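Visitor: take a look and give me a structure for this.
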Amino acid sequence: MRIAILSDIHANREAFEAALAAANAAGAERFVLLGDIVGYGADPEWCTEQAMAMAADGAIVLRGNHDDAVGNATVSMNATATLAIEWTRRQLGSETRAFLAGLPMKAREGDCLFVHADASAPADWNYVLDASDAGQHLGACDARVSFCGHVHKPALYCTAPAGKVTHFCPVAATPVPLLPQRRWLAVMGSVGQPRDGNPCAAFALYDTQSAELRFLRAAYDVEKAAQKIRAAGLPASLADRLFEGR
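Guide: Below is the predicted model of the structure:
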């Protein structure tokens, strides 16, 4: 089965639509959303309704820290993110707010674990930024392959036979065989707000039969998404950064 894994959509309708279209074109048979459906972008209600429809159709949908912050004022965020979440709360209806509040922190399916942040403490929203962080994640779970988001930069980690964790920088569209004698952690990057210098929406496709993983990108109408952010009165920096993928 080919599973499309998307994370950190951040209320960016244009990026979400482009990533879904690209995933379907690549032959995706199942979808997983790793959280942060809302926050930063101008279309939180539409993106949440899309996630709800996908969940009803069998997709795995998880809770990210921005989704959690909608109903949990104790979630710590920087000033810009806080302003965006306060605006987001006013845009969401009762049904979409309830959906976000009810999402699980993680999900296990076969030998795959899906989680928004570090699996050692999902509710603490720790970032996986390097091999040490990846080792903490891998030490907290027994899944052969796990997937997380939260960082907004694609990355891949694996355990070597001696137990050392190795970091790889994935090349878009290049299949990576996830060798069975190793354990793997794939960091998805972001659909709606990439921060690796590439403005295209980031996601991945995992083939459970061949155990191959492909990190993919989808171009989208950045100008339209940015204009909507400005028109909503959200911080201009949230629009400007989309053009540079930072």
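
Visitor: from residue 181, how far out is the residue lying farthest from the centre of the chain?
Guide: With distances taken as C-alpha atoms, centre = their mean, the residue sitting farthest from the centre of the chain turns out to be residue 162, at 30.1 Å. Counting by C-beta to C-beta, to the nearest Å, the gap from residue 162 to residue 181 is 12 Å. All C-beta atoms are positioned from the backbone trio N, CA, C, and that covers glycine.

Visitor: next one: residue 166
Guide: As judged by C-beta to C-beta, residue 166 and residue 181 stand 13 Å apart.

Visitor: who's more crowded, the two?
Guide: Neighbour totals were compared for residue 166 and residue 181, and residue 166 leads with 12 against 9 (other C-beta atoms under 10 Å).

Visitor: hey, what's the more buried one bridged with?
Guide: residue 158 (DSSP bridges).

Visitor: pLDDT at it, what is it?
Guide: We have a pLDDT of 91 for residue 166.

Visitor: isn't it right up against residue 138?
Guide: No - judged on C-beta atoms under 8 Å, residue 166 makes no contact with residue 138 at a distance of 11.2 Å.

Visitor: so what sits against both of the two?
Guide: Residues within reach of residue 166 and of residue 138 at once, by C-beta atoms under 8 Å, 6 or more residues apart in numbering, are 157, 159.

Visitor: in space, what's closest to residue 237 - neighbours in sequence excluded?
Guide: Distance criterion C-beta to C-beta, 6 or more residues apart in numbering; nearest residue to residue 237, sequence neighbours excluded, is residue 80 at 6.3 Å.

Visitor: thought the one you found was touching residue 238?
Guide: Yes - at 6.8 Å, residue 80 counts as touching residue 238 under the criterion of C-beta under 8 Å.
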